[in-house]
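*Asks:* attaching a predicted model along with its sequence, questions to come.
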Amino acid sequence: MNSSSVYISELLGVPVLDVVGEEIGRVKDFFITPGETFPKISAVLYGYRREYVLPWEKVNFYNRRFFSTRIHKIDQRKAELTRQEILIKRDILDKQIVDIHGAKLVRVNDLEFQDFNGSLSLVSADVGIRGILRRLLGGNAREWWRKTLDQKKSKQLISWTYVAPIQPKLSRLELNIPRQKVSQLLPQDIADILEQVSLKEGEFLFKSLDKQMAAKTLPELDPQTQAKIVEKLGREMASDILEMMPPDKAADVLGDLPENSAREIIRGMEKDEAKEVQELLEHREDTAGGMMTTEFFTVSPEVTFDEAIFKIKEAGREVETIYYLYVVDDQKRLLGICSLRDLLLSRWDQKISAGMVTHIKSVSPESPQKEVASLISKYNLLAVPVLDHDQKLLGIVTVDDVVDILMTHYPGGN
């Protein structure tokens, strides 16, 4: 063959000729040898109504128009197919794999092979529109496609190194994405993939994440997928991951689990984290108390702006979001709020009480989520404090916690 690269769609259906040049069938499929990074074709399945097997070493010459063989018509070997062998069209084409670059689940529309010293090896999967069109076109149209459109369109190929070794009785292609590759994706992208694959594959992929990435990804999943994956993790692993999450996010996940499962996971968490999550679970999910996080920055009114900045640098990585500094007294009563902008623009030796805002918009733990969203939208707040009846600061609800409500009730803005 002249070209070193060919697609399976270009070979299916082409005539098979015996040693004297007589057509003895049409290519129906290819047997493949498992166990290699780039699996080789071991035999050709061909025929009309009756099917035969042609060992690859009996192929004399092939191209996109015909296969020439070294066998006589009378020496054809009948095919006796089982689910033990692996066939390219039957077992691989149209299966789903993960596109690590596009961060999505895609379908194998075609397969690219390369000729290495007379052997055809599977090197990549075509998951783009070209693969579909290549299969739809036939006869002379295939040659036209190859010479024109194939040169103009950008390729959407996934190397076969990203696909797990193929196995007999394959129902779908398993995921084989190196951990370092997954870690390059955003948590939202990983969540999108997890929600598209089967529970078994999702569990496998989630467990391949390091705990820090798992803690960032879990809140991005829909509640149903969250619950299914967490229950498959085991108590110890689930506890470790949830205690790394912001308390409000962890409480949201636990709130969707059966009570016994949630209790077991909380029991396995560190004491302080478990206490915070347990307190949040006592509030209704659709209230400010159920939405708030207990991670925020507080300072004394006697602290200078310079000291406040140092405190943020020292412990800021432990807090999910830092929009405001909350000024509280010894009883944790909220006295005022200082934005990061004010913090950076004020005199560094000035006490924070001199620059804080004392006219505070706040909500109670029982405030409905729609009321919280309305307040954030009306006053363009990044976060709103949640206070008890003694004005003690219990937590904050951030704008990202209510974004879905804002999109639903205020789609056009304020």
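*Replies:* All right, it came through fine.
*Asks:* next, residue 38: secondary structure please.
*Replies:* Following DSSP: H, G, I helix; E, B strand; the rest coil, we place residue 38 in the coil state.
*Asks:* count the residues that sit near it.
*Replies:* 16 (other CB atoms under 10 Å). Backbone N, C-alpha and C define where each C-beta goes, glycine included.
*Asks:* that one against residue 121, yeah?
*Replies:* Yes: counting by CB atoms under 8 Å, residue 38 touches residue 121, with 4.3 Å between them.
*Asks:* and for these two, which residues touch both?
*Replies:* residue 114 (CB atoms under 8 Å, 6 or more residues apart in numbering).
*Asks:* residue 92: how many residues sit nearby?
*Replies:* 24.
*Asks:* repeat for residue 388
*Replies:* 13.
*Asks:* swap in the one 10 residues further on?
*Replies:* Residue 398 has 23 neighbouring residues, counting by other CB under 10 Å.
*Asks:* show the backbone phi and psi for the nearest residue to it once chain neighbours are set aside.
*Replies:* The spatial neighbour of residue 398 that comes closest, neighbours along the chain excluded (CB to CB, 6 or more residues apart in numbering), is residue 383 at 4.5 Å. With angles defined as degrees, to the nearest 10, residue 383 sits at phi -160, psi 150.
*Asks:* for residue 402, give its distance to residue 70.
*Replies:* 72 Å (CB to CB, to the nearest Å).
*Asks:* who has more neighbours, those two?
*Replies:* residue 402 (23 against 14).
*Asks:* got the contact list for the more buried one?
*Replies:* 291, 369, 372, 373, 376.
*Asks:* export the residues you listed to TSV and tack on neighbour count and distance to residue 389?
*Replies:* Listed next are the contacts of residue 402 as TSV, based on neighbours: other CB atoms under 10 Å; distance: CB to CB, whole Å:
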residue	neighbour count	distance to residue 389
291	28	19
369	20	20
372	24	17
373	24	22
376	24	22
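*Asks:* just those now: which is nearest residue 358?
*Replies:* residue 376 (19.5 Å; CB to CB).
*Asks:* would you agree the closest one falls within a strand?
*Replies:* No: assessed with three-state DSSP, residue 376 is helix; it does not lie in a strand.
*Asks:* so it makes contact with residue 397?
*Replies:* Yes: assessed by CB under 8 Å, residue 376 is found in contact with residue 397 at 7.4 Å.
*Asks:* give me the common contacts of those two.
*Replies:* With CB under 8 Å, 6+ apart as the test, residue 376 and residue 397 both reach 383, 384.
*Asks:* check which helix or strand covers the residue most central in space within the chain.
*Replies:* The centroid of the chain falls nearest to residue 190 when counting by CA atoms, centre = their mean (1.9 Å). Remark: residue 190 resides in helix 187-194, with elements defined by DSSP states H and E.
*Asks:* for that helix, name the packing helices and strands.
*Replies:* Applying 3 or more CB pairs under 8 Å, 6 or more residues apart in numbering; DSSP states H and E, one finds that helix 187-194 contacts strand 104-107, helix 199-208, helix 211-217.
*Asks:* cutoff 6 Å now
*Replies:* Applying 3 or more CB pairs under 6 Å, 6 or more residues apart in numbering; DSSP states H and E, we find helix 187-194 packed against helix 211-217.
*Asks:* just the buried residues of the helix it packs on, please?
*Replies:* Across helix 211-217, burial judged by 16 or more other CB atoms under 10 Å covers 213, 214, 215, 216, 217.
*Asks:* again with stretch 309-323
*Replies:* Result for stretch 309-323 [16+ other CB under 10 Å]: buried residues 309, 312, 321.
*Asks:* any chance of the residues you listed in CSV, plus pLDDT, distance to residue 34 and secondary structure?
*Replies:* Shown next, in CSV, are the buried residues of stretch 309-323 (pLDDT from 0 to 100; distance: CB to CB, whole Å; DSSP: H, G, I helix; E, B strand; the rest coil):
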residue, pLDDT, distance to residue 34, secondary structure
309, 89, 60, helix
312, 86, 55, helix
321, 77, 49, coil
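*Asks:* residue 228: which of those residues is nearest?
*Replies:* residue 321 (27.9 Å).
*Asks:* just the C-alpha atoms of stretch 357-365, please, in PDB.
*Replies:* Provided in PDB are the C-alpha atoms of stretch 357-365 (Å, rounded to 0.1, in the frame of the first residue of the first chain):
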ATOM      1  CA  VAL A 357     -18.500  49.700  57.000                       C
ATOM      2  CA  THR A 358     -21.000  49.600  59.900                       C
ATOM      3  CA  HIS A 359     -24.200  49.700  57.800                       C
ATOM      4  CA  ILE A 360     -24.500  46.000  57.200                       C
ATOM      5  CA  LYS A 361     -26.900  44.000  55.200                       C
ATOM      6  CA  SER A 362     -27.400  40.600  56.800                       C
ATOM      7  CA  VAL A 363     -29.800  37.600  57.000                       C
ATOM      8  CA  SER A 364     -30.800  35.200  59.700                       C
ATOM      9  CA  PRO A 365     -30.300  31.400  59.600                       C
END
